[in-house]
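> just the structure for this:
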Amino acid sequence: MKQIVVDSSFYYLLGYASSVGKPDGKFHEIDVKVKRPGLQLRHRRGYWALKPEEAARLATQVLATESSVHVLLAQAVSAFPAGLLRTRVHGDYQLGQVLWNEGDAFVIDFEGDPARTIAERRAKQSPLRDIATLARSLSYAAYVQLSAVREREPDKARRLEPWAAFWDRSATEIFVQSYRAQAGSAASVPHTREAFDAVLRAYLLDESVTELAFELESRPNLAFVPLQGLAALLAT
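Got it, this is the predicted structure:
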């Protein structure tokens, strides 16, 4: 633990504000250079500046399904089993918090979502919140990469789009059902498929709305990712 604290004290997280004016629908590369030798950098290759009309189309589609929100939440409330055990959760469980090394996975950064208060992070809740955040992270992995291809090779991106959707659905289904199989009859998860799915969908809704608020404030070019997730979730 002491070594982890020492190592993390040398990490620096830098923000970036684009100098580009209006979103132009193009992919913009990010080139980072440092003068100090010996530093290791990890940064995004770039970002896709989503045009306002494209985001507006997705937003209109989501708003048209507003009534589905009430139905989804009502289903989760009615399906939530009485006496379901609450537990500690990771709080910010996404692919960036999972390291793969020598055939094994390591989950890091258990301090929770930095946007929430300490009391909120420590509060016990359903572990399905973590499952929802990682499921949403899988969607980001698919669609952010697809957006990077769209500007450079639009024809290729059009061919890849159904495969990105297929990968997103398949990876999410495999992950969720693997978790269900491992959780078994644990007192912290609903035991029936119907109740499990209904509660998970509520957490997916909550996570997608949280993502949308974050992206609109910090990374408007990525707002399409949670908007696509909301559109798909509310259409089913």
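> for the longest helix along the chain, name the packing helices and strands.
Longest helix in the chain, counting residues (DSSP state H): helix 154-183. Applying 3 or more C-beta pairs under 8 Å, 6 or more residues apart in numbering; DSSP states H and E, we find helix 154-183 packed against helix 128-152, helix 193-218. In short, each C-beta sits where N, CA and C put it, glycine included.
> switch the cut-off to 7 Å
Contacts defined by 3 or more C-beta pairs under 7 Å, 6 or more residues apart in numbering; DSSP states H and E place helix 154-183 against helix 128-152.
> quick one: distance of the helix it packs on to the chain centre.
Relative to its parent chain, helix 128-152 has a centroid offset of 6 Å by C-alpha atoms, centre = their mean, to the nearest Å.
> also stretch 94-106?
Chain-centre distance of stretch 94-106: 16 Å, with C-alpha atoms, centre = their mean.
> contacts for that stretch next, please.
107-109, 133-134, 137, 141 (C-beta atoms under 7 Å, 6 or more residues apart in numbering).
> one step back: buried residues in the longest helix of the chain, which are they?
The neighbour-count check on helix 154-183 (16 or more other C-beta atoms under 10 Å) flags 157, 160, 164-165, 167-168, 172, 176, 179-180, 183 as buried.
> so, low pLDDT: which residues of the protein?
1-28, 42-54, 151 (pLDDT under 70).
> ok, now with 50
1-6, 8 (pLDDT under 50).
> so residue 81 touches residue 192, yeah?
No - using C-beta atoms under 7 Å, residue 81 makes no contact with residue 192, being 8.5 Å away.
> now what about stretch 172-186, what contacts it?
Around stretch 172-186, the neighbours that count as contacts under C-beta under 7 Å, 6+ apart are 131, 134-135, 138, 189, 191, 196, 200.
> nearest to residue 126, out of the contacts of stretch 94-106: which one, please.
Using C-beta to C-beta, residue 133 comes nearest to residue 126 of these, at 12.0 Å.
> which residue is the nearest non-sequential neighbour of that closest one?
Leaving aside its sequence neighbours, residue 133 sits nearest to residue 93 (C-beta to C-beta, 6 or more residues apart in numbering; 4.9 Å).
> cool, residue 134 as well?
Distances taken as C-beta to C-beta, 6+ apart place residue 93 nearest to residue 134, at 5.0 Å, with adjacent residues excluded.
> returning to that earlier point: make a PyMOL selection of whichever of the contacts of stretch 94-106 turn out to be buried.
To isolate in PyMOL the members of those that are buried, counting by 16+ other C-beta under 10 Å, one can use:
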select buried, resi 133+134+137+141
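> reformat the contacts of stretch 94-106 into JSON lines and put distance to residue 69 next to each item.
Below are those laid out as JSON lines (distance: C-beta to C-beta, whole Å):
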{"residue": "107", "distance to residue 69": "31"}
{"residue": "108", "distance to residue 69": "33"}
{"residue": "109", "distance to residue 69": "31"}
{"residue": "133", "distance to residue 69": "19"}
{"residue": "134", "distance to residue 69": "22"}
{"residue": "137", "distance to residue 69": "22"}
{"residue": "141", "distance to residue 69": "26"}
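> closest to residue 67 out of the contacts of stretch 94-106?
residue 133 (25.8 Å).
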